[in-house]
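J.: let me see the structure of the following:
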Amino acid sequence: MDMQKYRVVCTLTFGDIYGQIIVWLVVLFLSLAAALALMGASRPIYALATVGLILVLSLPFLLFAFVTTLLNHIEFSSVDPIAEAKSKSRSAVAPQKPAQAAG
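T.: From the prediction side, this is the model:
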């Protein structure tokens with residue numbers, strides 16, 4: 001039986017989820033604005049209920065969007081054992097470079 005090795009690569013960057021975070025922050029600020037508007041009413045408990053309801057209803061959508069984006073950026077690539085052995089022998093001889101920030 002021919003067993004191949006696979007490498008798992010995550011290509012997710014902050015730019016992929018940046019829009020989702022911005023939209024959720026807008027929802028948070030709108031809920032806080034609604035709470036402040038309702039705070040002046042005779043029943044401030046409605047203000048707290050509004051914020052809680054908006055947070056509870058929006059958080060699952062945010063998590064679903066983030067998880068599906070993450071799963072879309074996970075890649076499985078097959079690894080050639082011969083090429084991997086060659087690259088390992090080269091990397092054992094050559095010194096490794098320190099990590100650098102992606103830009």
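J.: what about the closest residue to residue 46 other than its chain neighbours, which SS state?
T.: Computed as C-beta to C-beta, 6 or more residues apart in numbering, the closest residue to residue 46 that is not its neighbour in sequence is residue 38, at 5.0 Å. Where C-beta positions appear, they are placed from N, C-alpha and C, glycine not excepted. Using DSSP: H, G, I helix; E, B strand; the rest coil, the structure places residue 38 in helix.
J.: contacting residues for residue 38?
T.: 44, 46, 47, 50 (C-beta atoms under 8 Å, 6 or more residues apart in numbering).
J.: please apply the same query to residue 31.
T.: 50, 51, 54, 55.
J.: nearest residue to the third one in space, please, no chain neighbours.
T.: For residue 54, the nearest residue in space outside its immediate sequence neighbours is residue 31; the separation is 3.8 Å by C-beta to C-beta, 6+ apart.
J.: what does the second one give?
T.: Taking C-beta to C-beta, 6+ apart as the measure, residue 51 lies nearest to residue 35, with 4.6 Å between them; neighbours along the chain are not counted.
J.: from residue 83, how far off is that neighbour?
T.: 59 Å (C-beta to C-beta, to the nearest Å).
J.: between those two, who's got more neighbours?
T.: For the pair residue 35 and residue 83, the greater number of neighbours falls to residue 35 (18 against 9), based on other C-beta atoms under 10 Å.
J.: circling back: closest to residue 23 among the contacts of residue 38?
T.: residue 50 (18.7 Å; C-beta to C-beta).
J.: may I have the secondary structure class of the residue of the chain positioned farthest from its centre?
T.: What lies farthest from the middle of the chain is residue 42; by C-alpha atoms, centre = their mean that is 40.7 Å. Under three-state DSSP, residue 42 falls in the coil class.
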